[in-house]
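**Q** compute the structure for the input listed below.
(4 chains)
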Protein chains: 2
Amino acid sequence: MATTLRDVAEHAQVSVRTVSNVVSGYPHVSEKMRARVEAAIEALDYRPNPVAQRLRTGRTGVLALVVPEIDLPYFSALAREVIDAAALMGYRVMIDQTGHDHERERQLLTGGERTMLFDGILFSPLVTKSELLEMERRSTIPLVLLGEYSFDGRFDHVAIDNEGAAHDAAAHLASLGRRRIAAIGAQPAETYATPQERTAGYLRAVDEAGLDRDESMIRPAASYRRADGHAAATELLRSAEPPDAIFCFTDLLALGAMRAVFDAGLSVPEDVAIIGMDDLEEGRYARPSLTTVSLDTPDLARQAVERLHARITDPESPAAEVTVPHRVIPRESTGGH
Amino acid sequence: MATTLRDVAEHAQVSVRTVSNVVSGYPHVSEKMRARVEAAIEALDYRPNPVAQRLRTGRTGVLALVVPEIDLPYFSALAREVIDAAALMGYRVMIDQTGHDHERERQLLTGGERTMLFDGILFSPLVTKSELLEMERRSTIPLVLLGEYSFDGRFDHVAIDNEGAAHDAAAHLASLGRRRIAAIGAQPAETYATPQERTAGYLRAVDEAGLDRDESMIRPAASYRRADGHAAATELLRSAEPPDAIFCFTDLLALGAMRAVFDAGLSVPEDVAIIGMDDLEEGRYARPSLTTVSLDTPDLARQAVERLHARITDPESPAAEVTVPHRVIPRESTGGH
DNA sequence: TTGTATGCGTTATCAC
DNA sequence: GTGATAACGCATACAA
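**A** As a prediction, this is how the structure comes out:
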């Protein structure tokens, strides 16, 4: 069926070794040999079997990208950049959705039935500290964390400064004269790093602005979808002293929150200013356009893939901590440019 | 390093054959043998090497999903469902982005350097008829087309009725009393099937409503992103006789068009009613919420994966043509429920 | 029911 | 610089 190295070797009257050399670009091959082999390759339309190459070399040329849900715009934007960055370095990308299923995450990391299917993992889901500990104990596969814990430098880690970014977002609202600044996206238990760090940054900004901390202004979000932002904002607006500004931990939450403000008969930014994080394209076209904290996703993806590649080629290289810059982008939802 | 069948066999004092039987669930294995082998597997923490399995069996357990851009919400939603549906049938999914690069598409289909990396392809990008012809000539890998040409039943094909769906969308606008109904998303040349069919459906609805066909009301869109919808709508609104309704071939185009209407100082749906297609979650939270044509994406994904699986297991099975139902969902952008 | 041996298509180690 | 050949880890035809 499929043409193999041996077929080419026979056709060109040389050994498989020589054909392999030509195919893999081994430098020490005489010109006439190379020409003969290449002619045979052309004639037989030969293409190497990657599966056999893998078995032999142990490398698969595939990276896994693990995300909670690929249809969350932030993750699909990330996936796009990761796929492109990986392609540039000769990798293909397999995407796994954990769907917030911790068991699924563990399986993916500790081997499960899927060992050796990829050379490394870009791990992006929310994850708890104890899960990371378990990973470190059991897993041996090269791993780069995207976002979340830096975890004592035991894993490569590429992310923004969550605390700082959240601080800047809330500080932006304060700088506009808003006094009752709410936050949406905290997580109830002390489980995940991202919401914790963002809450901390928010609180620091509140303190620095000389505002009162008000626990009732901090709202959890079970997930980071529009519906969660809508529900949380609706509750906030019903309270005795509603906020005049809301900092949402993601743009998607913010878009849901905006819709809730309109549904309550109020307007953005006049009654309530809103800021998100992620700089989704959707926010640029929303009405009003959404002020947000932008993080250079292409850069983040590129750095993550590079880190992972470095770890794959040299498993002993020290873990790196990469922080990608962020910046507030003022738009209409906080009163313009 | 890694434990192999042979290691397990030695540990359990049996042959590799027996271990293999146990691992692969071969029924005729005596109880004590099975127990001994399983104990050894447990003790050595053995896991089969999927790459070796593949080389041996020729099956990879991987499907490729080819899309133009994974960060277009329609395709990320599709990817989510495809990944889930594939997981249910024991497949993993590799995502490829063609980025509207026809050369890239051809490579993916006619083999390129990537042969035998997956068992089948779900092919979703826009594609021309001549490209499909070339595919049929050269490619041998199981393939299911999502959307686009049915192509004479030579490929399995899962899609909505594009012509009918477009007709229903435009007819919905006409039924609301709109007289100057524009369309955004046509493609200039006679290249792709989807825009052609949608244009045809639009024209049929215009005719049926007794309205005049007006070529200037049909606007092309280079891509299907918000920016394209914005640009096209802006032009339409500047014309001497601007439209009172716009049918956009995708929700993303519609969301861009809505923003353009606001930027022009007009309102939706009072001045211009807008309808899209795809039923993105984004449209449900937009202001005003976006009327759209919904197609059951989970169902489409499931059927596509099932078709592909059927073709993989039986390459001789006749090509199937599956049409997934659609329906108009009225929302605020056309004047409510 | 279980063991032995061969091959899937490569790469890489030896010789020459 | 090139040729023969042994793995890589698994599944299976054939034998027992």
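**Q** once you drop chain neighbours, what's closest to residue A:59?
**A** residue A:119 (5.8 Å; CB to CB, 6 or more residues apart in numbering or on different chains). (Each C-beta comes from the backbone N, C-alpha and C, glycine too.)
**Q** help me confirm that the one you found comes into contact with residue A:63.
**A** Yes: with contact defined as CB atoms under 8 Å, residue A:119 reaches residue A:63; the gap is 6.5 Å.
**Q** distance of the residue nearest to residue A:69 when sequence neighbours are not counted from residue B:125?
**A** Counting by CB to CB, 6+ apart, residue A:69 lies nearest to residue A:97, which is 5.8 Å off, once chain neighbours are set aside. Distance, residue A:97 to residue B:125, by CB to CB, to the nearest Å: 22 Å.
**Q** residues in contact with the residue nearest to residue A:59?
**A** Shown in contact with residue A:119 (CB atoms under 8 Å, 6 or more residues apart in numbering or on different chains): A:59-63, A:91, A:141-142, A:312.
**Q** quick revisit: now do the contacts for the residue nearest to residue A:69.
**A** Neighbouring residues of residue A:97 by CB under 8 Å, 6+ apart: A:66-70, B:80, B:83-84.
**Q** at 7 Å what do you get?
**A** With contact taken as CB atoms under 7 Å, 6 or more residues apart in numbering or on different chains, residue A:97 is in contact with A:67-70, B:80, B:83.
**Q** those also near DNA strand C: which ones?
**A** With CB under 7 Å from any atom of the strand as the criterion, the contacts of residue A:97 include none near DNA strand C.
**Q** looking at these, which is nearest residue A:9?
**A** Distance to residue A:9, by CB to CB, is smallest for residue B:83 among these, at 40.4 Å.
**Q** helix or strand: which one has the closest one?
**A** helix B:73-88 (DSSP states H and E).
**Q** for that helix, packing partners?
**A** Judged by 3 or more CB pairs under 7 Å, 6 or more residues apart in numbering or on different chains; DSSP states H and E, helix B:73-88 is in contact with strand A:92-97, strand B:62-67, strand B:92-97, helix B:297-313.
**Q** ok, 6 Å please
**A** strand B:62-67, helix B:297-313 (3 or more CB pairs under 6 Å, 6 or more residues apart in numbering or on different chains; DSSP states H and E).
**Q** please point out which parts of that helix sit buried.
**A** By neighbour count with 16 or more other CB atoms under 10 Å in any protein chain shown, helix B:73-88 contains the buried residues B:73-86.
**Q** look at residue A:117 and give its secondary structure.
**A** Put simply, residue A:117 is coil when judged by DSSP: H, G, I helix; E, B strand; the rest coil.
**Q** and the pLDDT for it?
**A** At residue A:117, the pLDDT value in this model is 78.
**Q** isn't it right up against residue B:50?
**A** Yes: Residue A:117 lies in contact with residue B:50 (CB atoms under 6 Å); the separation is 5.4 Å.
**Q** got the domain ranges for chain A?
**A** Segmentation of chain A into domains, based on automatic domain parsing, reads A:5-48, A:62-160+A:297-324, A:162-295+A:328-334.
**Q** need the helices and strands packed on helix B:73-88 in CSV (columns: mean neighbour count and mean pLDDT).
**A** As requested, the helices and strands packed on helix B:73-88 are exported to CSV (neighbours: other CB atoms under 10 Å in any protein chain shown; pLDDT from 0 to 100):
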stretch, mean neighbour count, mean pLDDT
strand B:62-67, 24, 91
helix B:297-313, 21, 94
